[in-house]
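Chemist: give me the fold of what follows.
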Amino acid sequence: MLNRGWEEVDVVVVTGDAYVDHPSFGAAVIGRIIEKEGFRVAIIPQPNWQDDLRDFSKFGKPKLFFGVTSGNMDSMINHYTANKRLRSDDAFTPGGKAGFRPDYATTIYTQILKKLYPEIPVVLGGIEASLRRLTHYDYWSDTLKPGILADSHADLLIYGMGEQPLNTLLRALKQGKTFASLRDIPQTAFLLQKDEELPFAENWTTQELASHEECLKDKRKFGESFKIIEQESNKWHAQRLIQKTRDQTVVVNPPFQPMSSQELDAAFDLPFTRLPHPKYNKRGSIPAYEMIRHSINIHRGCFGGCSFCTISAHQGKFVVSRSEASIMKEIEAVIQMPDFKGYISDLGGPSANMYHMKGKDLKICENCQKPSCIFPAICNNLDYNHKLLTALYRKAASYPEVKKVTIGSGIRYDLLVGANQKQENELGLNEFVEQLIVHHVSGRLKVAPEHTSDEVLKMMRKPSFQLFHEFRKKFDEINRRKGLNQQLIPYFISSHPGCRLEDMAELAAETKKLGFQLEQVQDFTPTPMTLASVMYYTGLNPYTGKNVYVARTKEEKLNQRKFFFWYKPENQLWIKNTLRKLNKSVLIDRLLKK
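Modeler: Numbers count the residues shown, from 1 in each chain. Model prediction:
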């Protein structure tokens, strides 16, 4: 501030992550946007919330507002395993050290700021605030919590990817508007007090959800509310949602329509240094940064709609892609980095192969509220042509300084199999698969079938495991033909709602038959605002009203996980006895016979 001649700043951003000036870190993007709009911005990364709170006041009182985010992850997922054990590391902290942010960081930071500076508005953003904007199930306390505005006492919440609402907010403040008047910005949420009227909105219809108190009393009502929230999140023209909470009302304005490529380019083209702050030089590397320092994000959004995933709830189901020119500009910036050794670690997004994919007739998309464009089958209106992506890979790899471009993001293999030969040619599917496997795999390609049981996969909104078999055939055939020795590594989830012990036994037998000893495995973790979490909490599928089996106890979860590791001697007697109890003795030889 002294070097810049600043007596005060306009905005102070508080984040739970270490500060990395890179487009993959939300606080950096927000800071750069605020700076571009002509405001003075300061960042407080990972403030100490347990001492005299001096970190929160180091820049003084901002002229406009505080911005608060827990960081790139929900702080509870950052802190705890699926079995609610405290993690010993934190990928977003120098040296990977844990303990530099509180549980429920967004709420804690905001409460501190409101105590220190009660007159200064606080704006929430980031994934923790976004996915907790309305009544949600919190796995770590095993309770339904109200929308985060109620407990944090923040003044405004920006949900989803924040460029459009933030720009609108900044420009309104520049015009001299007050925070109290800013209740018509799309993709924001705020609290109405008991005696306040709902603001008039000429172009929005309003849908009232079951109140927080009704959701507490009736799990079915909570499930019905979630269904409305999910459907409205997936609409082109959504409704405004309101939900009574205690003696207040949470108002969630509809989202902006998807960004254009030009708007997305503008965010990625901001003058990032792409480096961690030099204050961390002696504290060790930041693992999350090391993972992405030489990677390029090419699009946002995901139309997969998996029931356990928060991506579409936060980024939206409509894919927004960067222009090739913007991507190449970033590749050139990576090439210039002093530590670049010729390897780009990823050219992808939430899913690697959705670049520039959208509806053929956008009018149909505008009237659609389905959560997925590819489940239970690929939508007839979806243009999933892979030729542009194949060309992008080739262009990225053509730089003399680039030795190899690997694709680290997950591949949706269900987009690559199951089509007839005419479709494969028109959509460039086989050409893409060959380009990927021959040139962009570094020994192992990770994919996520998630399960082998079709019934469990339906609960996950994932395709039949048969499609994995088809993709594996393509993978093996190309490797044989090209003389490559590469592995396909499948990723699976245990304890997902609808998954029973016998389903895990079948998964173990099926994957053993395919020659896998599983490594990439995960116990299901309920996260706010996903269908799977709602099913976990309620025991019901809100779309069908039917009961769903849920493995809830620690023992049930660990028992399901044991089937992943059937090859470990310490699990084999238990597996043998369990299979007999389940009347699945036929699987004993399939699993345990050498």
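
Chemist: alpha carbons only: can I get the lengthiest helix in the chain in CSV?
Modeler: Longest helix of the chain, by residue count under DSSP state H: helix 466-482. Taking Å, rounded to 0.1, in the frame of the first residue of the first chain, the C-alpha atoms of helix 466-482 are listed here in CSV:
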residue,chain,number,x,y,z
GLN,A,466,-20.8,-52.1,-20.2
LEU,A,467,-19.6,-48.9,-21.8
PHE,A,468,-16.4,-49.2,-19.7
HIS,A,469,-15.8,-52.6,-21.3
GLU,A,470,-16.3,-51.1,-24.8
PHE,A,471,-13.8,-48.2,-24.0
ARG,A,472,-11.3,-50.7,-22.6
LYS,A,473,-11.4,-52.7,-25.8
LYS,A,474,-10.6,-49.5,-27.8
PHE,A,475,-7.8,-48.6,-25.3
ASP,A,476,-6.2,-52.1,-25.5
GLU,A,477,-6.6,-52.3,-29.3
ILE,A,478,-4.8,-49.0,-29.8
ASN,A,479,-2.1,-49.8,-27.4
ARG,A,480,-1.5,-53.2,-29.1
ARG,A,481,-1.5,-51.6,-32.6
LYS,A,482,0.9,-48.8,-31.6
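
Chemist: for that helix, packing partners?
Modeler: Helix 466-482 sits against helix 429-439, strand 444-450, strand 487-494, with contacts defined as 3 or more C-beta pairs under 8 Å, 6 or more residues apart in numbering; DSSP states H and E. Any C-beta I mention is one placed from the backbone N, CA and C, and that applies to glycine too.

Chemist: does anything pack onto the first one? Which helices or strands?
Modeler: I take that to be helix 429-439. helix 387-397, helix 466-482.

Chemist: state the mean pLDDT of the last one.
Modeler: Per-residue pLDDT values across helix 466-482 average out to 97.

Chemist: repeat for stretch 35-54
Modeler: Mean pLDDT, stretch 35-54: 97.

Chemist: now that stretch: buried residues?
Modeler: 37, 39-47, 49 (16 or more other C-beta atoms under 10 Å).

Chemist: ok, now stretch 553-572?
Modeler: So for stretch 553-572, counting by 16+ other C-beta under 10 Å, buried means 557, 559-566, 571-572.

Chemist: hang on, the earlier thing: could you redo the helices and strands packed on helix 429-439 as TSV and give each row mean neighbour count?
Modeler: Below are the helices and strands packed on helix 429-439 laid out as TSV (neighbours: other C-beta atoms under 10 Å):
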stretch	mean neighbour count
helix 387-397	18
helix 466-482	16
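
Chemist: could you redo these as TSV and give each row distance to residue 180?
Modeler: As requested, the helices and strands packed on helix 429-439 are exported to TSV (distance: least, C-beta to C-beta, whole Å):
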stretch	distance to residue 180
helix 387-397	46
helix 466-482	53
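
Chemist: for residue 281, find the nearest of the ones you listed.
Modeler: Among the helices and strands packed on helix 429-439, helix 387-397 comes nearest to residue 281, with 30.4 Å by C-beta to C-beta.

Chemist: could you point out the helix or strand that follows the closest one?
Modeler: strand 404-405 (DSSP states H and E).

Chemist: quick one: mean pLDDT over the helix or strand just after that following strand.
Modeler: Following strand 404-405 in sequence order, the next helix or strand is helix 421-427 (DSSP H and E). Averaging the model's pLDDT scores along helix 421-427 yields 94.

Chemist: what does stretch 587-594 contact?
Modeler: Stretch 587-594 has contacts (C-beta atoms under 8 Å, 6 or more residues apart in numbering) with 505-506, 508-509, 512-513, 566, 572, 575-576, 579-580.

Chemist: got a markdown table for the residues you listed, with secondary structure and pLDDT too?
Modeler: A markdown table is the format used below for the contacts of stretch 587-594 (DSSP: H, G, I helix; E, B strand; the rest coil; pLDDT from 0 to 100):
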| residue | secondary structure | pLDDT |
| --- | --- | --- |
| 505 | helix | 95 |
| 506 | helix | 95 |
| 508 | helix | 94 |
| 509 | helix | 94 |
| 512 | helix | 92 |
| 513 | helix | 92 |
| 566 | coil | 91 |
| 572 | helix | 93 |
| 575 | helix | 94 |
| 576 | helix | 94 |
| 579 | helix | 94 |
| 580 | helix | 94 |
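
Chemist: residues contacting the nearest residue to residue 132 once chain neighbours are set aside?
Modeler: With sequence-adjacent residues excluded and distances taken as C-beta to C-beta, 6 or more residues apart in numbering, residue 132 is closest to residue 148, at 4.2 Å. If a contact means C-beta under 8 Å, 6+ apart, then residue 148 has 106-107, 124, 128-129, 132-133, 154, 157 as its contacts.

Chemist: which residue is nearest the centroid of this protein?
Modeler: When C-alpha atoms, centre = their mean is applied to the chain, the residue found nearest the centroid is residue 311 (3.6 Å).

Chemist: that one and residue 336, how far apart?
Modeler: Distance, residue 311 to residue 336, by C-beta to C-beta, to the nearest Å: 31 Å.

Chemist: about what we covered before: got the contact list for the longest helix of the chain?
Modeler: 413-414, 416-418, 430, 433-434, 437-438, 445, 447, 449, 484-486, 488, 490, 514.
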